[in-house]
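Participant: Sequence plus predicted model, see below.
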Amino acid sequence: MILDLSPDLRIQRRSLGNEGAPLLIVDSLLVDPDRLVRKAARSQFVPQSSMFPGIRANAPSTYPRMLEQLLRPLLEEHFGLPRDGSLAFPMCHYSLVTTPPAQLAFLQRVPHIDSHAHNGLATVHYLFRGDWGGTAFYRHRSTGYEYVDHARKLAYFTRLEEESRSEAATPPGYIGDDTPLFERIDRVDAVFDRLVVYRRNSLHSGAIDNRNVPPPDPVAGRLSVNSFIDVLD
């Protein structure tokens, strides 16, 4: 499948919260994003992770090459990563959020990180037109952390384990706005063919409405392509 970058794509940069982690938002990414939706509709979605609250299928093999073409010129300026480094893609999946709020485990009800490493990026490519929510970013109140790297992981997860014992501190369902444990510091709204790029160690979560959980349908549901990227020297 050929995935051509749109000549009309637009890039904006934000800094998250007090600690200023970089966030890129790319709009009108592809010439024909509906090709990805049609491909997803023919794919077999299955549960692939105990942490992801839904089902996934492999994205087209050409998708990482498209991402590399887009991101390589931006790596050094926006993320402080070598633009001539090698890029590895440990994950590149279609994703559909489908789990009912009452079935979420504790770690699915709080923001998460995907990696402790500083050189790891994540992308979310929204491929739905319904009102299914974007991506939100958070600060952990008791530590003040907005990201969790190797130096912070022991203190953060030790504190989070202590806090998990209080049911009042972790309301049921998907996290949305502020909670007793976390403060929302930014939110990116979902727009069809919008790509969001951030460091994998930033605390984040899908912004899912607990009153309106998406259906398990690639055409009508909350379809996205989620990728992990490691930038190696």
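Facilitator: Alright, I've got the coordinates. Residues are numbered from 1 along each chain as shown.

Participant: For Leu223, name its beta-bridge partners.
Facilitator: On the basis of DSSP bridges, Leu223 is bridged to Leu96.

Participant: How many residues are close by it?
Facilitator: Number of residues near Leu223 (other CB atoms under 10 Å) recorded here: 27. No exception for glycine: its C-beta is placed from N, CA and C like everyone else's.

Participant: before we move on, what about Ala122?
Facilitator: Neighbours around Ala122, by other CB under 10 Å: 21.

Participant: what comes up buried for the longest helix anywhere in the chain?
Facilitator: Taking DSSP state H as the criterion, the chain has its longest helix at helix 153-163. Neighbour counts using 16 or more other CB atoms under 10 Å place 156, 160, 163 of helix 153-163 among the buried residues.

Participant: chain center to that helix, what's the gap?
Facilitator: Centroid separation for helix 153-163 versus its chain: 22 Å, with CA atoms, centre = their mean, to the nearest Å.

Participant: one step back: could the buried residues of helix 153-163 go into CSV alongside pLDDT and distance to Leu36?
Facilitator: Output for the buried residues of helix 153-163, formatted as CSV (pLDDT from 0 to 100; distance: CB to CB, whole Å):
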residue, pLDDT, distance to Leu36
Tyr156, 97, 35
Leu160, 95, 35
Glu163, 92, 39
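
Participant: now, which of these sits nearest Pro82?
Facilitator: Tyr156 (27.5 Å; CB to CB).
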